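model the structure of this input:
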Amino acid sequence: MFDQTQIQEFKEAFTVIDQNRDGIIDKEDLRDTFAAMGRLNVKNEELDAMMKEASGPINFTVFLNMFGEKLKGADPEDVITGAFKVLDPEGKGTIKKKFLEELLTTQCDRFTPEEIKNMWAAFPPDVGGNVDYKNICYVITHGDAKDQE
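Numbers count the residues shown, from 1 in each chain. This next block holds a predicted model:
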């Protein structure tokens, strides 16, 4: 399902989340991970919902399978990039923020205002209001380079 490099990256992520280093991710590990990222006061209901995504205790194998399930069906980078290119007839590699936001909030699986806010936080447009869709495609298929440092 994953190549060795990806497995190693997942192992590093698992180790970061497994705050007490017992080989199992539990609710307190999630709470501590959120706290380490500056998000305090995470609601128990939110943590419970995350824990319920697993069929039992979350060891590394379960963690890896959970990501496999989440990523199953994700299109390859070139397919996603190709879809964006349809919206970029001049081939600049960018799309206007306003246009992309309109599409994402009015078509198919519509983005919520919160999802739009999160997207612009993750992929801020340049000063001209252009969004680098090649970067979005890369992050969707490979993860954020900042997360791998």
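
report the longest helix in the protein, please.
Criterion DSSP state H: the longest helix present in the chain is helix 4-17.

for the record, mean pLDDT for the helix or strand immediately after it in the chain?
Later in the chain than helix 4-17, the nearest helix or strand by DSSP states H and E is helix 27-36. Helix 27-36 shows an average pLDDT of 92 in the prediction.

any buried residues in the helix or strand following helix 27-36, and which?
Using DSSP H and E, the next helix or strand after helix 27-36 towards the C-terminus is helix 44-51. Within helix 44-51, the residues that count as buried by 16 or more other CB atoms under 10 Å are Leu47. Glycine gets a C-beta too; all of them are placed from N, C-alpha and C.

got the contact list for the residue nearest to Asp88 when sequence neighbours are not counted?
Sequence neighbours aside, Ile95 is the residue nearest to Asp88 in space, at 5.8 Å (criterion: CB to CB, 6 or more residues apart in numbering). Each residue near Ile95 by CB atoms under 8 Å, 6 or more residues apart in numbering is listed here: Phe84, Leu87, Asp88, Asn130, Val131, Tyr133.

of the residues you listed, which is the most crowded?
The most crowded member of these, judged by other CB atoms under 10 Å, is Val131 (23 neighbours).

help me confirm that it comes into contact with Lys97.
Yes. Checked against CB atoms under 8 Å, the pair Val131 and Lys97 is within contact range at 5.3 Å.

and for these two, which residues touch both?
Shared contacts of Val131 and Lys97 (CB under 8 Å, 6+ apart): Pro125.
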